[in-house]
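1. Have a look at this fold, sequence not included:
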């Protein structure tokens, strides 16, 4: 799977976990330099508190376009250490 935005491959991996239709990539599958910490947080009733990254490519910023759960609930333990994308970041088969 690949995550792309603004002409760049943000993440690529054969090892994703799909939860609620979203592919969660391992953090080491994300290309360095494309993610910047955001102060945004949301709460999912069953996964826990989500933290966000801005996706930055060639000086363009896609605010809060990636999220992760720093301390997911026991029910969501499979996505610990993983990040998912939205807000125009395309996720699909590589190639």
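-> The structure has been received and is ready for your questions. Keep in mind that what you see is a predicted model, and the values were worked out from it rather than measured.
2. Give the buried residues for stretch 18-37.
-> Burial within stretch 18-37, assessed by neighbour count using 16 or more other Cβ atoms under 10 Å, is assigned to 19, 23, 24, 25, 29, 30, 34, 35. Placement of C-beta: from N, CA and C, glycine included.
3. And stretch 80-91, by the same measure?
-> Those would be 82, 83, 84, 85, 89, 91, for stretch 80-91 by 16+ other Cβ under 10 Å.
4. quick one, what contacts the last one?
-> Contact partners of residue 91, counting by Cβ atoms under 8 Å, 6 or more residues apart in numbering, are 1, 2, 3, 22, 23, 85.
5. same check, this time on the first one
-> With contact set as Cβ under 8 Å, 6+ apart, residue 82 has these partners: 16, 17, 24, 25, 26, 27, 68.
6. What's the separation between the residue nearest to residue 26 when sequence neighbours are not counted and residue 92?
-> Spatially, and ignoring its direct neighbours in sequence, residue 26 is nearest to residue 82 (5.7 Å; Cβ to Cβ, 6 or more residues apart in numbering). From residue 82 across to residue 92, the span is 17 Å (Cβ to Cβ, to the nearest Å).
7. Assign the residue nearest the centre of the chain to helix, strand or coil.
-> Among the residues of the chain, the one closest to the centroid is residue 84, at 2.5 Å (Cα atoms, centre = their mean). Following DSSP: H, G, I helix; E, B strand; the rest coil, residue 84 is assigned to strand.
8. This completes my enquiry, with thanks.
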